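Undergrad: could you work out the structure for the sequence below:
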Amino acid sequence: MSTGAGSHEPSATGREVTLEEFQQMSAEERAQLPKARQKKLAKLLEKAEQKALKAQAQAAIREARQAASSASFADDGEKTAKFASKANETDAESTSKELPLEYVDQTPKGAYKALMRKPMAPAYYPRSVEAAWYDWWQARGFFTVSTSSARNQTDQSKRFVMVMPPPNVTGTLHLGHTLMCAIQDCLTRWHRMKGHVTLWVPGTDHAGIATQTVVERKLMKERKLTRHDLGREDFVQYVWSYKREYGGRICDQLRRLGASVDWSREQFTMNEKLSRAVVEAFVRLHERGLIYRGTRLVNWCCRLRTALSDIEVEYVDIPGRELRRVPGHEAEVEVGVLTQFAYPLERPAPNGVCELVVATTRLETMLGDVAVAVHPDDPRYRDLIGQRLQHPFLPGRELTVIGDAQLVDMTFGTGCVKVTPAHDPNDYECGLRHNLPFIVIFDDEGRLNDQAGEFVGMMRYEARVEVERALAKRGLLRGKESHAMRLALCSRTN
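TA: Residues are numbered from 1 along each chain as shown. Sure thing, here's the model as predicted:
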């Protein structure tokens, strides 16, 4: 008898059953055929499908050979093409032997899995093994916990409750998520098998800046708009639509992983209930004096206009002078340069010193300087401690010479350090020690504010250039040199 697609067998009623009909039959329908004919048709079907797979593999080989022969390569290239063609042929032949028959799940949703008797597959195929079980588990309520059962179990040692660390809604799960999901699932199922009241709560996290950045990029790509163009309310709605799309994708992945969570208790960290709980917690902590509002240095992203955690800041080592692209600036900006300039003393010192020379890689921050620090044991400057300095651009600003052994290394450079408490972590600590004012010179977008005198309104790196020119014009610029430095970058926008 032929093994082609047209092969057929008579049914128990005398009607001929073709392979196509046999393939579409359910397990119950096939069981109505005589066992010998079931076996024979199943064998014919398997041969026909393997033959089709082999034909596909051979077609792939022919295409690979044609592609290799049509290309014009040098001698080495021809050898590579032949090697690749041979590899494709070997892979295709291997695939034709190992590919499983296409699995079709015939189990009604939520029902116990319909198991079909078939020859054992040559390898483990997760799709055919895992299909239908999760729907059945959920339909039977194996993962849910009723309030009454939880209340009736008074023995705390026989209760097990775990909250899933919520994955971010910024995309899809990665290998780390799957590892932790498997570990947590093992713990949950173990307690459930011991008869404990067991609850594993699933959820997703809004991810804050990470989600905002991804959504803003998507908005720009799809609609050529920024969040400011869209407006606050419409942008929030756009973010929620993104969450519904990608949050659902993550939950589907958790189901495919077989996570035995109680989906009736699924949470999202921006749900109204959880948001109220966060506000309530902060209010209570404030009332108890455990949290307070204060002035502190923060990592600030001028593009996102928001504070960043330390983990969201990346550092790049700059070996010396170079030009870099910076968000908010059309032209490349110069970094890795140490600029020296002088602060004149209000009156010359007895030893003839009439100015203090300082150096910085961020020249524009001199507009926020409030002092110049020297080492109290440095014989060159210790008699100047307490003297006043003239700010070249801000006549009303008082700069004082202070002695600080923690901030100043008298063997490095000129032995003088400019102090900008609002814009440098070391200067911030110095400002606290000496009770110095904290003068912020930038607005949320990185522009110079009204504390910057004649440079108000300029972007930060534009001001750097203009300050250098102004210092040179006043005769206070003392030199520039290439200098290694670490540049802090926002990981969300760079």
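
Undergrad: where along the stretch 201-350 of the chain do the strands fall?
TA: Along the stretch 201-350 of the chain, counting by DSSP state E, counting those that start in this stretch, strands occupy 203-204, 267-268, 299-301, 306-308, 313-318, 322-324, 333-335, 337-344.

Undergrad: out of those strands, which is the most enclosed?
TA: Most buried of the strands of the stretch 201-350 of the chain, by mean neighbour count (mean count of other CB atoms under 10 Å): strand 203-204, with a mean of 22. No exception for glycine: its C-beta is placed from N, CA and C like everyone else's.

Undergrad: tell me the spacing between residue 450 and residue 418.
TA: Plainly put, residue 450 is 21 Å away from residue 418 if you go by CB to CB, to the nearest Å.

Undergrad: neighbour count for those two, which is higher?
TA: Neighbour comparison, residue 450 and residue 418: the larger count goes to residue 418, with 24 against 9 (by other CB atoms under 10 Å).

Undergrad: got the phi and psi for the more buried one?
TA: Residue 418 adopts backbone torsions of phi -70, psi 140, taken as degrees, to the nearest 10.

Undergrad: same thing with the one 4 residues further on?
TA: According to degrees, to the nearest 10, the main-chain angles of residue 422 amount to phi -80, psi -10.

Undergrad: what about it, how many neighbours?
TA: Neighbour count for residue 422, taken as other CB under 10 Å: 20.

Undergrad: export the strands of the stretch 201-350 of the chain to JSON lines and tack on mean pLDDT and distance to residue 156?
TA: Listed next are those as JSON lines, based on pLDDT from 0 to 100; distance: least, CB to CB, whole Å:
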{"stretch": "strand 203-204", "mean pLDDT": "91", "distance to residue 156": "24"}
{"stretch": "strand 267-268", "mean pLDDT": "92", "distance to residue 156": "23"}
{"stretch": "strand 299-301", "mean pLDDT": "93", "distance to residue 156": "42"}
{"stretch": "strand 306-308", "mean pLDDT": "89", "distance to residue 156": "40"}
{"stretch": "strand 313-318", "mean pLDDT": "94", "distance to residue 156": "43"}
{"stretch": "strand 322-324", "mean pLDDT": "94", "distance to residue 156": "58"}
{"stretch": "strand 333-335", "mean pLDDT": "93", "distance to residue 156": "59"}
{"stretch": "strand 337-344", "mean pLDDT": "96", "distance to residue 156": "63"}
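
Undergrad: so which of these comes closest to residue 359?
TA: strand 337-344 (4.6 Å; CB to CB).

Undergrad: export the strands of the stretch 201-350 of the chain as JSON lines, with columns for distance to residue 128.
TA: Listed next are the strands of the stretch 201-350 of the chain as JSON lines, based on distance: least, CB to CB, whole Å:
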{"stretch": "strand 203-204", "distance to residue 128": "30"}
{"stretch": "strand 267-268", "distance to residue 128": "33"}
{"stretch": "strand 299-301", "distance to residue 128": "49"}
{"stretch": "strand 306-308", "distance to residue 128": "47"}
{"stretch": "strand 313-318", "distance to residue 128": "45"}
{"stretch": "strand 322-324", "distance to residue 128": "53"}
{"stretch": "strand 333-335", "distance to residue 128": "57"}
{"stretch": "strand 337-344", "distance to residue 128": "64"}
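
Undergrad: please save the CA atoms from stretch 442-461 in PDB.
TA: Extracted in PDB, the C-alpha atoms of stretch 442-461 (Å, rounded to 0.1, in the frame of the first residue of the first chain):
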ATOM      1  CA  PHE A 442      21.200  75.200  37.900                       C
ATOM      2  CA  ASP A 443      17.500  74.800  37.200                       C
ATOM      3  CA  ASP A 444      15.800  71.500  36.400                       C
ATOM      4  CA  GLU A 445      16.900  71.600  32.700                       C
ATOM      5  CA  GLY A 446      20.600  72.300  33.400                       C
ATOM      6  CA  ARG A 447      20.400  76.000  32.700                       C
ATOM      7  CA  LEU A 448      22.100  78.700  34.800                       C
ATOM      8  CA  ASN A 449      19.600  80.300  37.200                       C
ATOM      9  CA  ASP A 450      19.600  83.900  38.600                       C
ATOM     10  CA  GLN A 451      22.400  83.000  41.000                       C
ATOM     11  CA  ALA A 452      24.800  82.900  38.000                       C
ATOM     12  CA  GLY A 453      24.900  86.700  37.300                       C
ATOM     13  CA  GLU A 454      25.600  87.600  33.700                       C
ATOM     14  CA  PHE A 455      25.500  83.900  32.600                       C
ATOM     15  CA  VAL A 456      21.800  83.300  33.600                       C
ATOM     16  CA  GLY A 457      19.800  81.300  31.100                       C
ATOM     17  CA  MET A 458      22.800  79.600  29.500                       C
ATOM     18  CA  MET A 459      23.000  75.800  29.300                       C
ATOM     19  CA  ARG A 460      25.700  74.300  31.500                       C
ATOM     20  CA  TYR A 461      28.300  73.500  28.800                       C
END
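
Undergrad: low pLDDT regions in the stretch 51-200 of the chain?
TA: 52-104, 116-118 (pLDDT under 70).

Undergrad: and this structure, what are its domains?
TA: 8-98, 132-282, 320-490 (automatic domain parsing).

Undergrad: and those domains as TSV, adding distance to residue 302?
TA: Listed next are the domains of the chain as TSV, based on distance: least, CB to CB, whole Å:
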stretch	distance to residue 302
domain 8-98	50
domain 132-282	13
domain 320-490	3
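
Undergrad: next one: the nearest residue to residue 438 once chain neighbours are set aside from residue 296, what distance?
TA: Leaving aside its sequence neighbours, residue 438 sits nearest to residue 422 (CB to CB, 6 or more residues apart in numbering; 4.4 Å). Residue 422 is 11 Å from residue 296, where distance means CB to CB.
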